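Undergrad: Give me the fold of what follows.
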Amino acid sequence: MSYIQDVLAQVERRNPGEPEFLQAAREVLETLEPVMARHATYQKARILERLVEPERQLMFRVPWQDDAGEVQVNRGFRIEVSSAIGPYKGGLRFHPSVNLSILKFLGFEQVFKNALTTLPMGGGKGGSDFDPKGKSDNEVMRFCQSFMSELFRHIGENTDVPAGDIGVGGREVGFLFGQYKRLRNEFTGVLTGKGLGWGGSLIRPEATGYGAVYFAEEMLKTRNESMAGKVCTVSGSGNVAQYTVEKLLQLGAKPVSLSDSGGTVYDPKGLNEEKLAWVMDLKNVRRGRIQEYVARWGGEFHSGATPWAIPCECAFPSATQNEITGTDARTLLKHGCKLISEGANMPSTPAAVDQFVSAKVLYGPGKAANAGGVATSGLEMCQNSMRLSWTRDEVDARLREIMVNIHAVCHRTAATYGQPGNYVLGANIAGFVKVADAMLAQGLV
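TA: Numbering: from 1, shown residues only. Purely as a prediction, here's the structure:
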């Protein structure tokens, strides 16, 4: 058994019942065989064993009162995985599915994603099994205040800087920041995704979707192609999906789908700016279901389905983890899909990833392709530290430059280790080497 297989066996023994974390650890570690073979120092210093153990895992009770006066109790989490290259950085997720396994997987992925951005940020993740859907603003506020009443002890602008994620948008960040400010009696950039009037950054809502498209554009350039005219399927209908569609339209592509937990809308004519504005109002203001799109704009609604059976040239999974199965991957490839750029975190199962890599299609894994969100969070941190606010064009230019650089380092690293075009291997090794070298430099920490 190889060294990496020994480490994975140890991870499985120590983390039973955590399938998402085990999947993420296996996906990364199995691609590191070439780098471990070249650099014996990493094995001697037990870098892998240290990385798969978070530096700190916090779990706490979150009691709050609903509008009926009843006391509710949720669990809160913060997983601080690595601070080797900067303060912990990663979002907060409020969703009933949140558990230790999911947050450890997200935090582990975040370490390498943040390293790829070139910005000084470590990796972490947090959240709660609280569901903001169907809750009043006052209920969400009371929950956020209770959640922050514990979390504030463990975060800070130079320690741990959370952001939003699924279920945590501008409303929730505002309530969390307000409670932190009240408890600490200080106004600092401890959270990103803030409102523009109180420390937020332009382009932050758009960043993950824009970044996934910028990364896709760079992949296409390696084959002398562009996004113009490409038929694209997009999953999800939240923040990432909306701005993926917006950037695709700006580059002349033809996005034809959106989805939510109820099913998928397929519009053969393609979305346009007017349709997208309607979707944004539906999801962000009225908080409706994507099925309503068909009654207004036509097309088809496929109940309970994902978009991956729709013929396309490019796919942008932008909803949640493990949404593209092995069967879905076969269908995508059969229908001529030649590019997948992940806007969500780990949306493709291992079986799907294996097929994409074997088929040698352009496959941008989430830790590279969706790094635009956390990169712009890092830019927000920079602006907060300098007490400045950059223009929209400045932030967008910096975001694009970061995504171009991420693509370049992934592409170059894959070639260096003998697998040109394998962005999975390139992203994992490039991110790992940066973190591992920092750990070696700092001693046994």
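Undergrad: my guess is residue 87 meets residue 188, correct?
TA: No - distance between residue 87 and residue 188: 11.9 Å, which falls outside the contact criterion (Cβ atoms under 8 Å). All C-beta spots, glycine's among them, are computed from the backbone N, C-alpha and C.
Undergrad: tell me the mean pLDDT for the helix or strand that contains residue 333?
TA: With secondary structure defined by DSSP states H and E, residue 333 is part of helix 326-334. Here helix 326-334 scores 98 as its mean pLDDT.
Undergrad: hey, C-alpha coordinates of that helix in CSV?
TA: The C-alpha coordinates for helix 326-334 follow below in CSV (Å, rounded to 0.1, in the frame of the first residue of the first chain):
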residue,chain,number,x,y,z
GLY,A,326,-21.7,9.2,-13.5
THR,A,327,-24.9,8.6,-15.5
ASP,A,328,-25.3,12.4,-16.0
ALA,A,329,-21.7,12.6,-17.2
ARG,A,330,-22.2,9.9,-19.8
THR,A,331,-25.3,11.7,-21.1
LEU,A,332,-23.4,15.0,-21.3
LEU,A,333,-20.6,13.5,-23.2
LYS,A,334,-23.0,11.6,-25.5
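Undergrad: ok now it, how far from the chain's centre?
TA: Here helix 326-334 shows a centroid-to-chain-centroid distance of 23 Å under the convention Cα atoms, centre = their mean, to the nearest Å.
Undergrad: Kindly report the same for stretch 313-327.
TA: Relative to the mean C-alpha coordinate of its chain, stretch 313-327 is positioned 13 Å out (Cα atoms, centre = their mean).
Undergrad: Compute the first-to-last residue distance for stretch 20-37.
TA: For stretch 20-37, the first and last residues are 27 Å from each other (Cα to Cα, to the nearest Å).
Undergrad: List the buried residues of it.
TA: Going by neighbour count (16 or more other Cβ atoms under 10 Å), the buried part of stretch 20-37 is 20-33, 35-36.
Undergrad: Return the closest of those with respect to residue 46.
TA: Here the nearest of those to residue 46, counting by Cβ to Cβ, is residue 36; it sits at 11.7 Å.
Undergrad: Do I have it right that that closest one meets residue 44?
TA: No - Residue 36 is beyond contact range of residue 44, at 10.7 Å (criterion: Cβ under 8 Å).
Undergrad: returning to what we had before: what touches both of residue 87 and residue 188?
TA: Common contacts of residue 87 and residue 188 (Cβ atoms under 8 Å, 6 or more residues apart in numbering): 156-157.
Undergrad: Look at the two and report which has more neighbours.
TA: Set side by side, residue 87 and residue 188 show more neighbours around residue 87, with 19 against 16, by other Cβ atoms under 10 Å.
Undergrad: Which residue ranges of this structure form strands?
TA: Remark: strands of the chain, listed N- to C-terminal, are 56-65, 71-82, 88-94, 123-128, 160-164, 231-234, 254-255, 257-260, 263-266, 300-303, 314-316, 339-341, 362-364; assignment by DSSP state E.
Undergrad: And the contacts of the last one?
TA: Residues external to strand 362-364 that are found in contact with it (Cβ under 8 Å, 6+ apart): 212, 215-216, 219-220, 222-223, 338-342, 353, 356-357, 421, 423-424.
Undergrad: Paired strands for it, with orientation please.
TA: Pairing partners of strand 362-364, with direction, according to DSSP bridges: strand 339-341 (parallel).
Undergrad: so how far is the partner strand off the chain centroid?
TA: The mean C-alpha position of strand 339-341 is separated from the chain mean by 15 Å, Cα atoms, centre = their mean.
Undergrad: who's in contact with it?
TA: Contacts for strand 339-341 (Cβ under 8 Å, 6+ apart): 212-213, 215-216, 219-220, 230, 313-317, 324, 332, 348, 356, 361-364, 369.
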